[in-house]
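S.K.: return atomic coordinates for the entry below.
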Amino acid sequence: MVATLAITATWNAAHGEPGRKLASTQLTRSTFDRTLDAVLSRYYEPVDETKLLSAGLRAILAELDPHTHFVSAAQRKALRERASGGTTGMAVALRVDGE
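M.R.: Predicted coordinates for the structure are as follows:
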């Protein structure tokens, strides 16, 4: 079902706009948006949009490099609280690359 929705949304994005010719494999932000809209409105069961968008953003940013990460609203709040001086101490994270 999801594959059908994605193909339908991609086809409509590529062929549904007069005067605009896209290669069938070219992915655009419009195609992404239409596919997301199709999944949210036509998937066989309700979809948690926030959960889906968070997963999508995590996947997108994971493709950039190993140091770029999506930070959720709850994680941002925790980081702000730690940075505001509400707690004391120091946090250090060490990682050895290549192991």
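
S.K.: only C-alpha atoms from now on, for both contacts and neighbour counts.
M.R.: OK.

S.K.: which stretches of the protein aren't confidently modelled?
M.R.: Across the chain, the ranges flagged by pLDDT under 70 are 1-25, 86-89, 99.

S.K.: how does it divide into domains?
M.R.: Domain assignment for the chain by automatic domain parsing gives 1-47, 48-88.

S.K.: only C-alpha atoms, please: export the helix or strand that contains Val39 in PDB.
M.R.: Assessed by DSSP states H and E, Val39 sits inside helix 29-42. Output of helix 29-42 as PDB, limited to C-alpha atoms (Å, rounded to 0.1, in the frame of the first residue of the first chain):
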ATOM      1  CA  ARG A  29      10.600  18.500  -2.600                       C
ATOM      2  CA  SER A  30       7.200  18.700  -4.200                       C
ATOM      3  CA  THR A  31       7.300  14.900  -4.800                       C
ATOM      4  CA  PHE A  32       8.400  14.400  -1.200                       C
ATOM      5  CA  ASP A  33       5.500  16.600   0.100                       C
ATOM      6  CA  ARG A  34       2.900  14.900  -2.200                       C
ATOM      7  CA  THR A  35       4.100  11.500  -1.100                       C
ATOM      8  CA  LEU A  36       3.900  12.500   2.600                       C
ATOM      9  CA  ASP A  37       0.400  13.900   2.100                       C
ATOM     10  CA  ALA A  38      -0.700  10.800   0.300                       C
ATOM     11  CA  VAL A  39       0.600   8.600   3.200                       C
ATOM     12  CA  LEU A  40      -1.000  10.800   5.800                       C
ATOM     13  CA  SER A  41      -4.400  10.900   4.100                       C
ATOM     14  CA  ARG A  42      -4.600   7.400   2.400                       C
END
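
S.K.: that one: which residues count as buried?
M.R.: Neighbour counts using 16 or more other Cα atoms under 10 Å place 31, 34-40 of helix 29-42 among the buried residues.

S.K.: of the residues you listed, closest to Pro66?
M.R.: Leu36 (25.8 Å; Cα to Cα).
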